[in-house]
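K.L.:
Mind folding the following:
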Amino acid sequence: MKRWFICIALVGAVGLTPVEAGAPAKKKLLVITESKGFVHPVVRRGKDDALSLVEKTFIEWGQKSGFFEVTCSQDSRKEITAENLKNFDAVWFYTTGELPLSDVQKADLLAFVRSGKGFGGCHSAADTFYKWKEYGDLIGAYFAGHPPGYQKIRVLVEDTKHPATKHFGESFAIEDEIYKYKEPYSRKSLNVLMRIDPESHKNLWRPDGDNPLAWTRDYGKGRVFYTALGHADHVWRDPRFQQHVLGGLKYIFFMENPK
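P.N.:
The predicted model follows:
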């Protein structure tokens, strides 16, 4: 399986500028888009192992500047090792199913984040590793299903100062495949950034009406960011979503653990 090395940046929208002389060394991000369950079209590679839409989106960001470097891979077993993770500052998952990691590799990933590194994921990263409870704790919740098709919802922003959500204002509307979540989801361990407005959706799933769409958490000395959005290709082309993801990356790379 090919590994794609891309230079990308957190630019204008999240307050960072292109690399200048004397700037700190580039951060390095490992993006895993491996699917052992449903293969989302946005991460499906084309003929001759051509890049997926998600990977092309990162390339587009990279063409504008070069603040950090990205390695894109669909071979987690090759990439997630203690030795290889020394080359990265954060790992990002857009994955499904039980990835073929050994127990040692699983421990390596957790130790990587606990040591002060970053972990990010979107959409089906929560539809991954159901048999590995420690992963559920890391990501913050497991996928529990979704209504058919795309749903147009209104989103309530709870943290209007976070770099991943401050551009949304207090609320916004979006259409995507909307996930519901089950344990280990708990506000006791997560900083929920935004949730579904209960007035905009007739079939809310949790008895408490708390249906989150993005959150952060600290994990040892490390930082975790997750967003439920990102199933549809039009979402990946939406500048608001792009700024949302870039803000999440800014958080896992640069910000202190939440208080």
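K.L.:
When you work out contacts or count neighbours from here on, use the C-alpha atoms and nothing else.
P.N.:
OK.
K.L.:
Where do the helices of the stretch 51-200 of the chain begin and end?
P.N.:
53-64, 76-79, 82-85, 103-114, 133-139 (DSSP state H, counting those that start in this stretch).
K.L.:
Report the buried residues of the last one.
P.N.:
So that's helix 133-139. Tyr135, Gly136, Leu138, Ile139 (16 or more other CA atoms under 10 Å).
K.L.:
I'd like to know how far Gly120 sits from Pro239.
P.N.:
Relative to Pro239, Gly120 is positioned 19 Å away (criterion: CA to CA, to the nearest Å).
K.L.:
whoops, I mixed them up, Gly46
P.N.:
24 Å.
K.L.:
still on that earlier bit, so for Lys166, which of the helices of the stretch 51-200 of the chain sits nearest?
P.N.:
helix 53-64 (19.9 Å; CA to CA).
K.L.:
Stretch 98-108: end-to-end distance?
P.N.:
With CA to CA, one end of stretch 98-108 sits 16 Å from the other.
K.L.:
Which strands and helices lie in contact with the longest helix seen in the chain?
P.N.:
Scanning the chain for the longest helix, with DSSP state H as the assignment, gives helix 239-254. Based on contacts counted as 3 or more CA pairs under 8 Å, 6 or more residues apart in numbering; DSSP states H and E, the elements that helix 239-254 packs against are strand 118-122, strand 222-227.
K.L.:
Now that helix: buried residues?
P.N.:
Under 16+ other CA under 10 Å, the buried positions of helix 239-254 are 240-253.
K.L.:
can you list the weak-confidence ranges in the stretch 51-200 of the chain?
P.N.:
Filtered on pLDDT under 70, the stretch 51-200 of the chain yields the residue ranges 61-66.
K.L.:
Correct me if wrong: Ala228 contacts Ile139.
P.N.:
No. In this structure, Ala228 is not within contact of Ile139 by CA atoms under 8 Å, at 11.2 Å.
K.L.:
Starting from Tyr226, give me the distance back to Tyr181.
P.N.:
13 Å.
K.L.:
again with Leu110
P.N.:
Taking CA to CA, one finds Leu110 at 16 Å from Tyr226.
K.L.:
more neighbours, these two?
P.N.:
Legend: neighbour count by other CA atoms under 10 Å for Leu110 and Tyr226, higher for Tyr226 (26 against 18).
K.L.:
and the spatially most central residue of the chain, what does it touch?
P.N.:
Of all residues in the chain, the one closest to the mean position by CA atoms, centre = their mean is Gly121, 2.3 Å from it. By CA atoms under 8 Å, 6 or more residues apart in numbering, the contact list for Gly121 reads Trp92, Phe93, Tyr94, Ile139, Phe225, Tyr226, Thr227.
K.L.:
And the strands in the stretch 151-259 of the chain?
P.N.:
Assigned by DSSP state E, counting those that start in this stretch, the stretch 151-259 of the chain shows strands spanning 151-157, 171-176, 181-182, 191-196, 212-219, 222-227.
K.L.:
Output the ones you listed in a markdown table; the columns should cover distance to Glu83.
P.N.:
Conversion of the strands of the stretch 151-259 of the chain to a markdown table gives the following (distance: least, CA to CA, whole Å):
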| stretch | distance to Glu83 |
| --- | --- |
| strand 151-157 | 39 |
| strand 171-176 | 38 |
| strand 181-182 | 33 |
| strand 191-196 | 31 |
| strand 212-219 | 21 |
| strand 222-227 | 18 |
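K.L.:
For Lys86, find the nearest of those.
P.N.:
The nearest among those, by CA to CA, is strand 222-227 at 14.4 Å.
K.L.:
Return the distance of the closest one from the chain's centre.
P.N.:
Computed by CA atoms, centre = their mean, to the nearest Å, the chain-centroid distance of strand 222-227 equals 7 Å.
K.L.:
what helices or strands is that strand leaning on?
P.N.:
For strand 222-227, the packing partners by 3+ CA pairs under 8 Å, 6+ apart are helix 103-114, strand 118-122, helix 133-139, strand 212-219, helix 239-254.
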